[in-house]
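**Student:** fold the following and give me the result.
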Amino acid sequence: MKENYLRGSMTTGGASSSGADTSPKKKGWPKGRKRRLLPKDSNAPKGPLSGYMLFMGDQREVLRQTQPGLAFHEITKLVAQRWAALDQIAKTKYLEAAEADKERYQKEMEEYQKTDAYKNFLQKQRKAETPSPPKKTRKENGEERKEEEEEEEEEPLNPHSALEIPIFTEEFLTHNKVREGELRQLRKSNTDYEEQNAILQKHIESMKSTVERLESETCQQRSNNAALQQHIETLRRTLARAFINLPLPGSEAAPTEETIDSYMVQLHSLIVNNPQQHQGLIQTVRGIVSQLALT
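**Tutor:** Got it, this is the predicted structure:
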């Protein structure tokens, strides 16, 4: 009887176990279970941030200090409003910082892809993407659930990646499109300004060459004026010595270097106005002039 009882117990247990194994399973992903996440590369360079995300990072700290009671969605909405009201000069600062951050990320990523750490990460990612065969187990329900939770445990989040998660809201996407349009407009304006600057630079170089040429001509003219002035002084001394013994009619004063100009004007006036009356004077002047020509 004892053997029959033991056999009956074993038969009953086996039937129940067999029934448990052959029970139909539900299709789809079970409720409460989490999908397996692909491994993240913790050694990779930090991704670049857009100008709006940089502005959000600055404003978020300001709002947390000035208005600590705001919720996350309220902070996001307020930051979006401030970004829309921001002037173009302030926006350009953040957009330029975003471009610099993007260049930084590309350079660091190119260097990182040459390292062994990146190759090891690719191998881990390929292994994670390869589906593993289902495990057969006959453990109790509690132990089986525990094993599934251990296998499907999520990787802890990186606290430094909070700002790297983009906020894909309709408002954010709209602002991002507007900012990209403004950035293209700024680049076009910058190109136009560079062309105008090149034209102005050519005008400046032309003006410099013109100024240099005029300065050279001015120096040459000053030199000619100095030579003419010296020639005039020599001519005055020569005339004063030549006509020193010929005073004007009605005047006994002889000409000097200081008075030779007025003397020659008065002498010319006497000869032209009364040539018949001053024939002797005309002959004397002709003689003096002929001697000057000979010398």
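
**Student:** return the set of buried residues in stretch 226-241.
**Tutor:** Neighbour counts using 16 or more other Cβ atoms under 10 Å place Arg236, Leu239, Ala240 of stretch 226-241 among the buried residues. Using the backbone N, CA and C atoms, a C-beta is placed for each residue, glycine as well.

**Student:** helix, strand or coil for the last one?
**Tutor:** Each residue gets one of three states, and Ala240 gets helix by DSSP: H, G, I helix; E, B strand; the rest coil.

**Student:** can you check the first one too?
**Tutor:** With three-state DSSP as the basis, Arg236 sits in helix.

**Student:** neighbours around Ala128, how many?
**Tutor:** Neighbouring residues of Ala128 were enumerated by other Cβ atoms under 10 Å; the total is 13.

**Student:** before we move on, what SS does it have?
**Tutor:** Under three-state DSSP, Ala128 falls in the helix class.

**Student:** quick check: which ranges of the chain have low pLDDT?
**Tutor:** Regions of the chain meeting the criterion pLDDT under 70 cover residues 1-39, 131-168, 293-295.

**Student:** apply 80 and report the result again.
**Tutor:** Within the chain, the stretches with pLDDT under 80 are 1-42, 128-173, 249-254, 278, 292-295.

**Student:** for Pro275, phi and psi?
**Tutor:** Dihedral angles of Pro275 (phi, psi; degrees, to the nearest 10) stand at phi -70, psi -30.

**Student:** my guess is it meets Val285, correct?
**Tutor:** No - the criterion here is Cβ atoms under 8 Å, and Pro275 misses it with Val285 at 11.4 Å.

**Student:** these two: which has the busier surroundings?
**Tutor:** For Pro275 and Val285, the more surrounded residue by other Cβ under 10 Å is Val285, and the numbers stand at 18 against 11.

**Student:** all helices of this protein, in order?
**Tutor:** 2-21, 51-66, 72-85, 88-112, 116-129, 141-151, 170-242, 260-273, 279-294 (DSSP state H).

**Student:** check those helices for me and report the most buried one.
**Tutor:** Mean neighbour counts were taken over these using mean count of other Cβ atoms under 10 Å, and the top value, a mean of 16, falls to helix 51-66.

**Student:** what angle sits between it and helix 88-112?
**Tutor:** Angle of helix 51-66 versus helix 88-112, following axes from the mean of the first three to the mean of the last three Cα atoms, to 10 degrees, is 110 degrees.

**Student:** I'd like to know which elements helix 51-66 is packed against.
**Tutor:** The elements that helix 51-66 packs onto, with contact taken as 3 or more Cβ pairs under 8 Å, 6 or more residues apart in numbering; DSSP states H and E, are helix 72-85, helix 88-112, helix 170-242.

**Student:** so what touches that helix?
**Tutor:** Contacting residues not belonging to helix 51-66 are listed as 49, 70, 75-76, 78-79, 82-83, 86, 91, 94-95, 97-98, 101, 163, 166, 172, 175-176, 179 [Cβ atoms under 8 Å, 6 or more residues apart in numbering].

**Student:** spatially central residue in this structure, please.
**Tutor:** Centroid check for the chain by Cα atoms, centre = their mean gives Glu96 as the closest residue, at 6.6 Å.

**Student:** any idea how far that one lies from Ala90?
**Tutor:** Separation of Glu96 from Ala90 (Cβ to Cβ, to the nearest Å) stands at 11 Å.

**Student:** could you list the domains of this protein?
**Tutor:** Under the assignment automatic domain parsing, the domains of the chain span 40-129, 201-294.

**Student:** for the ones you listed, which one sits closest to Arg184?
**Tutor:** For the domains of the chain, proximity to Arg184 was assessed by Cβ to Cβ; domain 40-129 is nearest, at 10.9 Å.
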